[in-house]
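Novice: Provide a 3D model corresponding to the input given below.
(one chain, ligands or ions: 1)
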Amino acid sequence: MIRVRGLTRCFTGRHGAVDAVRGVDLDVAAGELVGFLGPNGAGKTTTLRMLTTLLRPTSGEARVAGRDLLGDPDGVRERIGYVAQGGTLAFDYPVREELEMQGRFYGLDRARARARCTELLDELGLDDLRDRPVATLSGGQRRRLDIAMGLVHSPELLFLDEPTTGLDPTSRASLWQRIRSLRDERGMTVFLSTHYLDEADTLCDRLLVIDNGVIVASGSPEELKRSVSGDAVTMTVNGDAATAARTAENLGGTSEVAVDGDVVRLRVTRGDEALPVLLNALRDKDIELASVTVQRPTLDDVFLGVTGRSLRAEVAA
Ligand SMILES: Nc1ncnc2c1ncn2[C@@H]1O[C@H](COP(=O)(O)OP(=O)(O)OP(=O)(O)O)[C@@H](O)[C@H]1O
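Specialist: Numbers count the residues shown, from 1 in each chain. Predicted structure coming up:
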C-alpha cells in the first residue's frame, strides 16, 4: 500500500538548512495498522505531509495507494484520507453540515453526501451530536469528527497525524477502539504518527521508530521489545547493597548491574527463571530485600537502546 525509497526533505531558511527527513525507506502492506513513533521534531509530520502530497520531497520516490507520489499526486489524493494534527474544522457549523460540505467538496452529489454523512456519524459514534455546532464538541468528539472528515470519500488508506494528542485517557482509549475497527471492519490501511509509547504498544501492528529524520528501528511492538536484552530487575536492599550487587554479578546471566544507594538494578535474560536463583544466592549471604520487581522491556527501553535517550523523558519534558 505504501512503498517509499530514499525519501528526504530539507528545509532551507534564513537560519540555515534543516534536514527534517533523511533517506527514509518504508513499506506498509494493505490492511496493516502501522505506527510511526518518534519524539517531537523527529520528522513524522514532514514525512506524512510528503506522503499525502502536501509537501514536495527534496529527493526520493514513493508509491502510495498504488499511485506514484510525484507522477500522479491527484491519483494519490483520491485514494487516501489525511487527518492533520489539530484538524481542519470550521467551528461555526453543525457537525452534520460540516461533514456534508466535505462530501460535496469531494464531488459527491447532495443525496450521496447526505447518505455518506449518516453512515459516518453512525460509524464514529457521532449520531447524537449531528446538530451540535462543532465549537461545542469535546476534544475527543472533535477528533472523531476529524476522522469522519478524512473518510468521506471512502479512501483505502488513512493517515492520522498524532490522533490522540491532548485527549484524556478515556477519550484516547475510545479513539483507539474506533481506529482499530476501521482496520478490522473495513480492512482499511492506517498509518499514524505518535509520540506516545502506550499508543504505539497497544494500538499498532507494527512500528517504525524515527529519530532525527532517520528510521532507527522497525518491527511489531513484541519483536522490538524482545530485541532488548533481558528483563530489568530492581531490588531494594536492607543492608549491604554493594555485596548484593557483587553477588548478582557473580551469577551467570546477569548484566548492567548498578548500585544507587540501597537500590540495585540489573538485567537478566529471563526474569522468571533468574529470580529464584538470585534470591537463594542473596539468602546464603544473609542479605535481606525490602522489595524486588521484575519488568519486561518496554518500548522506551527499545528507544533508549537505539538512540541512548528516553522517549518518555523527552515527551514529558
Ligand atoms: N517549514 C519548516 N521550515 C523549517 N524547518 C521545519 C519546517 N517544518 C518542520 N521543520 C523542522 O523539521 C524537523 C522535523 O519536524 P516535524 O514537524 O516533521 O517533526 P515531528 O516528528 O512531526 O514532530 P512533532 O511530534 O512535534 O509534530 C524539526 O526540526 C522541525 O523544526
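Novice: can you pull the contacts of the residue in the stretch 101-250 of the chain positioned nearest to the ligand?
Specialist: In the stretch 101-250 of the chain, no residue comes nearer to the ligand than residue 195, which is 5.3 Å away by C-beta to the nearest ligand atom. (C-beta placed from N, C-alpha, C; glycine too.) By C-beta atoms under 8 Å, 6 or more residues apart in numbering, residue 195 lies in contact with 37-40, 42, 44, 162, 165, 311, 315.
Novice: Next up, phi/psi of it, please.
Specialist: The phi/psi pair for residue 195 (degrees, to the nearest 10) reads phi -120, psi 10.
Novice: can you list the contacts of residue 195 in JSON lines and add neighbour count, distance to residue 175 and pLDDT?
Specialist: Shown next, in JSON lines, are these (neighbours: other C-beta atoms under 10 Å; distance: C-beta to C-beta, whole Å; pLDDT from 0 to 100):
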{"residue": "37", "neighbour count": "31", "distance to residue 175": "17", "pLDDT": "97"}
{"residue": "38", "neighbour count": "28", "distance to residue 175": "20", "pLDDT": "95"}
{"residue": "39", "neighbour count": "21", "distance to residue 175": "21", "pLDDT": "94"}
{"residue": "40", "neighbour count": "11", "distance to residue 175": "20", "pLDDT": "92"}
{"residue": "42", "neighbour count": "26", "distance to residue 175": "22", "pLDDT": "96"}
{"residue": "44", "neighbour count": "26", "distance to residue 175": "18", "pLDDT": "97"}
{"residue": "162", "neighbour count": "21", "distance to residue 175": "11", "pLDDT": "93"}
{"residue": "165", "neighbour count": "16", "distance to residue 175": "11", "pLDDT": "88"}
{"residue": "311", "neighbour count": "24", "distance to residue 175": "21", "pLDDT": "92"}
{"residue": "315", "neighbour count": "14", "distance to residue 175": "18", "pLDDT": "85"}
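Novice: Tell me which entries of those residues lie within helices.
Specialist: 44, 311, 315 (DSSP state H).
Novice: list the contacts for the second one?
Specialist: Contacts here follow C-beta under 8 Å, 6+ apart; on that basis residue 311 touches 37-39, 195, 197, 299-300, 303-304.
Novice: what's the most distant pair in the residues you listed?
Specialist: Across the contacts of residue 311, no pair lies farther apart than 195 and 304, at 14.9 Å, counting by C-beta to C-beta.
Novice: Which parts of the stretch 51-200 of the chain are helices?
Specialist: Along the stretch 51-200 of the chain, counting by DSSP state H, counting those that start in this stretch, helices occupy 73-79, 95-105, 110-123, 139-151, 169-186, 197-203.
Novice: beta partners of residue 2?
Specialist: Using DSSP bridges, the beta-bridge partners of residue 2 come out as residue 28, residue 64.
Novice: Surely it and residue 48 touch.
Specialist: No. If you go by C-beta atoms under 8 Å, residue 2 and residue 48 don't touch, sitting 11.0 Å apart.
Novice: Need the overlap of contacts for the two.
Specialist: Shared contacts of residue 2 and residue 48 (C-beta under 8 Å, 6+ apart): residue 191.
Novice: and the stretch 151-300 of the chain, which residues reach the ligand?
Specialist: Proximity of the stretch 151-300 of the chain to the ligand (C-beta under 6 Å from any ligand atom) is limited to residues residue 195.
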